[in-house]
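Engineer: Here is my input, please return the structure:
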Amino acid sequence: MVDAVPQSFEYVLSSMCTEPHPDARIAANRFLATNPGDPASYPEIATIESEVVDRLGDIVGLPEPSGYVTSGGTEANIQAVRIARNRADVDDPNVVIPENGHFSFRKAAELLGVEFRPSPVDDDHRAAVDAMADRIDEQTILVAGVAGSTEYGRVDPIPAIAALADEHDLHCHVDAAWGGFLLPFTDEDWHFGHAAIDSMTIDPHKFGRAAIPAGGLLVRTASQLDALLIETPYLESGHQITLGGTRSGAGVASAAAALAALWPTGYEDQYRTADQLARWLADQLRDRGHRVVDPHLPIVAASIEDDTFAALRDRGWRIARTARGELRIVCMPHVTRARLAAFLADLDAVQ
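Structural biologist: Now for the predicted structure:
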């Protein structure tokens, strides 16, 4: 099995990961065996990680960013909840998360002994702030918003959520794991420069074109990370803030290389292309009689019959559905108009 040829991205239409940038591939291989978790032994990769955090700060409007390169959005979201829990002085902590939030928040709640309180979204699949307010009580420690939701690519009203958090003296977290590399080229208010948020998830290994694993956790002030400190007596650094111990430098180095190659012009070009593709695909599906959720960020969700979906899978298309059963296509950089035209031809053939 180790001699198997890696799967091509040619038929992958529902993934939020894509082919790494060529520079990211090279960098990942060069630093594969280094460990950012031991900065005294591997100072070069530790320096690179600091540079990645600085560059991510440029993207999200944070002049003096703190944080680290995580294994992905799940780890970053867990760590945000952990920061909030460890800084709070309550007996039965809970977190209020809109229903469009990633399932990693449920993991976080279970792992950390925190009550998970889902909150309804509005008719446009965005967080309903009034409903979030109704779920807050004296035991609430964190509220979160999503900037680029997994199913529909929606952006929650982040300034309103941040104001709600401020009103109740709560930690405000934004999950921009996927959207963070697209949103700088929109007119959305979503980041540290737009609202008084405390922490953010942003993943270079999604639209950022880094190799997996390369997520990101950013916080407004370095002191927030003190809530994550664990002593490491046999390491020269003396402590760690990360969830994992040993970490490969591959993700860190690949993130640095992708950012150097693509920020900002390359990412903007990717966004413009993906946005045009999503709108074209949405029109094509509407013309075929499918109900389509208007794309905002480049995710297209459309009604599809179960047998049609199964037939497309049988033809090799790697597609997925939303919780409501809609076909969900993510216009990542490897998704081209030619491939979508081939997909539509197969859709015409099977329905």
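Engineer: Can you show me the strands along the stretch 101-250 of the chain?
Structural biologist: Using DSSP state E, counting those that start in this stretch, the strands of the stretch 101-250 of the chain run over 115-119, 140-146, 171-175, 199-201, 217-219, 230-232, 238-240.
Engineer: how about those strands, which one is nearest A255?
Structural biologist: For the strands of the stretch 101-250 of the chain, the distance to A255 is smallest for strand 217-219, at 12.7 Å, taking Cβ to Cβ. Where you see a C-beta, it was placed from the backbone N, CA and C, and this is true even at glycine.
Engineer: Who are the packing partners of that closest one?
Structural biologist: Counting contacts by 3 or more Cβ pairs under 8 Å, 6 or more residues apart in numbering; DSSP states H and E, strand 217-219 packs against helix 43-59, strand 66-68, helix 73-87, strand 199-201.
Engineer: Which strands border it, and is each parallel or antiparallel?
Structural biologist: Strand pairing for strand 217-219, using DSSP bridges, gives strand 66-68 (antiparallel), strand 199-201 (antiparallel).
Engineer: Off-centre distance for the last one?
Structural biologist: When you say that, I think you mean strand 199-201. 9 Å (Cα atoms, centre = their mean, to the nearest Å).
Engineer: Let's test this: mean pLDDT of it, rounded?
Structural biologist: When pLDDT is averaged over strand 199-201, the result is 98.
Engineer: Which positions within that strand qualify as buried?
Structural biologist: By 16 or more other Cβ atoms under 10 Å, the buried positions in strand 199-201 come out as 199-201.
Engineer: same question, the first one
Structural biologist: Of the residues in strand 66-68, 66-68 count as buried by neighbour count, 16+ other Cβ under 10 Å.
Engineer: Give me the below-cutoff pLDDT ranges for the protein.
Structural biologist: Judged by pLDDT under 70, the chain has its weakly predicted residues at 1.
Engineer: Now with 80, please.
Structural biologist: By pLDDT under 80, the low-scoring segments of the chain are 1-3, 5-6, 230, 233-240.
Engineer: ok, V81 - how many residues close by?
Structural biologist: 27 (other Cβ atoms under 10 Å).
Engineer: Ignore what I typed, I meant R288.
Structural biologist: 13.
Engineer: quick one: it and D348 touch, right?
Structural biologist: Yes. Between R288 and D348 there is a contact at 7.4 Å, judged by Cβ atoms under 8 Å.
Engineer: follow-up on the earlier one: looking at the helices and strands packed on strand 217-219, which is nearest to F185?
Structural biologist: helix 43-59 (10.6 Å).
Engineer: any residues touching the closest one, and which ones?
Structural biologist: Under the criterion Cβ atoms under 8 Å, 6 or more residues apart in numbering, residues 31, 34-36, 39, 63-69, 180-181, 184, 191, 202, 204, 216, 218, 249, 252-253, 255-256, 259, 263 lie in contact with helix 43-59.
Engineer: in it, what's buried?
Structural biologist: Buried positions in helix 43-59, judged by neighbour count with 16+ other Cβ under 10 Å: 45-46, 48-50, 52-53, 55-57, 59.
Engineer: With distance to L112 added, can I get the buried residues of strand 66-68 in a markdown table?
Structural biologist: Listed next are those as a markdown table, based on distance: Cβ to Cβ, whole Å:
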| residue | distance to L112 |
| --- | --- |
| S66 | 21 |
| G67 | 19 |
| Y68 | 19 |
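Engineer: Which parts of the protein belong to which domain?
Structural biologist: Domain ranges of the chain: 22-262, 265-350, per automatic domain parsing.
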